[in-house]
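In: turn this into a structure:
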Amino acid sequence: MRHINSLLITVCITICTVSCKDSKPDYKKKLDVKTAPVTDLAFSRYEDVLFNLDTADFQAELMRIQNDYLPFLGGDLTNPNAVQYLKDFATDEYMNILYQKVKTAFPNLDYVEKTVEDVYAHFNYYYPEIQLPKKVYTCVTGVNAETTAVMVSDDGLIVSLDWYLNRDEVYDQIGMPRYMSERTVKETLAKDVAMQLYMAYIYEWRKQTNLSDEMVNAGKIKYFVEAMAPELPDNILLGYSEEQMKWADENEGGVWADIVGNQRLFSTGLDMHMTFLADGPFTQEYSNEAPARLGEFFGLHIVRSYMANNEVTLQQLMKNNDLQGIFQSSNYKPKKN
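Out: Numbers count the residues shown, from 1 in each chain. Got it, this is the predicted structure:
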């Protein structure tokens, strides 16, 4: 009896160990790669320099630092209008408030450095032939909704730290919609860096078509971002609040049944785009608790299913423009309510 009990315990431990080792979903196992550390990046805080220049001879000060900060100061600094614009920016009360908030939120660049280096390491693993910019600049831009928080140029990677002030009240004061300020947490930085690398090096223009194609295309992009930052939780990856993520997970089956049952998979036009792909506070058609961009939610799950059920690399996925083929081969099955 003791021998049998011992054997049962051993079997239970073995099963537990195997199941723990294999607990990751199949698509996640493909993203569990061993990257080489990136250590050759140079980080510079442009905001520290700009907001502490001597304004008594501002033009001379700008010229002194110009070569070190060409992404920001590449223009003609002999032009009085250009110099005055920069001086007005550097002495603006609102910009200085943002700068002080940035200094509080990021007293050093440890988090930024680790995040960028990790995303770069994953990108280098998948695309070793592409040379990424080695200079990384942080700055304060004023949270301009017409620009992105992260930008990629030949001169470097630029990160606007005032986009990551952890839902600070300043976003309400400037009139930013709450569904956008919800995303102003530093954990979003990895997603933004990965997204801009995608736009700079992977993106290919394509004509908008029907809903199923647009969902798969959005899912490809989200899957790429996840490959660059595999530790991102789904709510950060999709730009949802935790409550919205819970609603989407719990109602996945019901919404999918509505899409399929009402023959919306192959719908086109503005109504389709606004309902399933446009940004906003919610998807009113389903619930005020339903997040916007549900097409991205379904697209991500479709592509994850496709990657789990097919022997495909990330590079092959990105090059595959047969969106219907991906959809048909995904074997996607939504969770039931």
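In: center of the protein - which residue?
Out: K191 (2.1 Å; CA atoms, centre = their mean).
In: what helix or strand is it on?
Out: K191 is part of helix 188-201, with elements assigned from DSSP states H and E.
In: re earlier: how far away is the residue nearest to the centre of the chain from F224?
Out: Per CB to CB, to the nearest Å, K191 is found 11 Å from F224. No exception for glycine: its C-beta is placed from N, CA and C like everyone else's.
In: what does the helix holding K191 contact?
Out: Defining contact as CB atoms under 8 Å, 6 or more residues apart in numbering, one finds that helix 188-201 is touched by 111-112, 115-116, 118-119, 123, 127, 130, 132, 148-152, 157, 159, 163-164, 221, 224-225, 228-229, 232, 236-237, 239.
In: check stretch 252-260 too.
Out: Residues contacting stretch 252-260 (CB under 8 Å, 6+ apart): 211, 264-265, 286, 290, 294, 297-298, 301, 334-337.
In: quick one: which of those residues has the most company?
Out: Counting neighbours by other CB atoms under 10 Å, the top entry in these is F297, with 28 neighbours.
In: is it correct that that residue is in contact with P291?
Out: Yes. If you go by CB atoms under 8 Å, F297 and P291 touch, sitting 7.2 Å apart.
In: what touches both of these two?
Out: The contact sets of F297 and P291 overlap at L238, A248 (CB under 8 Å, 6+ apart).
In: list the contacts of R293.
Out: Neighbours of R293 in contact, by CB under 8 Å, 6+ apart: A218, L238, G239, F276, L277, A278, D279.
In: phi, psi of it?
Out: Dihedral pair for R293: phi 60, psi 40, per degrees, to the nearest 10.
In: next: the one 10 residues further on.
Out: In this entry, V303 is assigned phi and psi values of phi -70, psi -40 (degrees, to the nearest 10).
In: now, the contacts of R293 that are in helices?
Out: Secondary structure assignment by DSSP state H places A218, L238, F276 of those in helices.
In: compare the residues you listed and tell me which is most surrounded.
Out: Neighbour-wise, these (other CB under 10 Å) top out at F276, 25 neighbours.
In: could I get the buried residue list for the helix holding K191?
Out: For helix 188-201, a neighbour-count test (16 or more other CB atoms under 10 Å) marks T188, L189, A190, K191, D192, V193, A194, M195, Q196, L197, Y198, A200 as buried.
In: mean confidence for it?
Out: Regarding helix 188-201, the rounded mean pLDDT is 98.
In: and that helix, how far out from the chain's middle?
Out: 6 Å (CA atoms, centre = their mean, to the nearest Å).
In: same question, stretch 164-174
Out: 19 Å.
In: got the contact list for that stretch?
Out: Against stretch 164-174 from outside (CB under 8 Å, 6+ apart): 97-98, 101-102, 105-106, 143, 149, 178, 180-182, 184-186, 188-189.
In: go again with 6 Å.
Out: The contact list for stretch 164-174 (CB atoms under 6 Å, 6 or more residues apart in numbering) reads K101, A105, S181, T184, V185, K186, L189.
In: what residues are up against the fifth one?
Out: When contacts are counted by CB under 6 Å, 6+ apart, V185 touches N166.
In: how close does it sit to K103?
Out: 18 Å.
In: where do the helices sit along the stretch 1-150 of the chain?
Out: Applying DSSP state H, counting those that start in this stretch to the stretch 1-150 of the chain gives helices spanning 2-21, 26-30, 46-50, 58-65, 70-73, 80-91, 93-105, 110-126.
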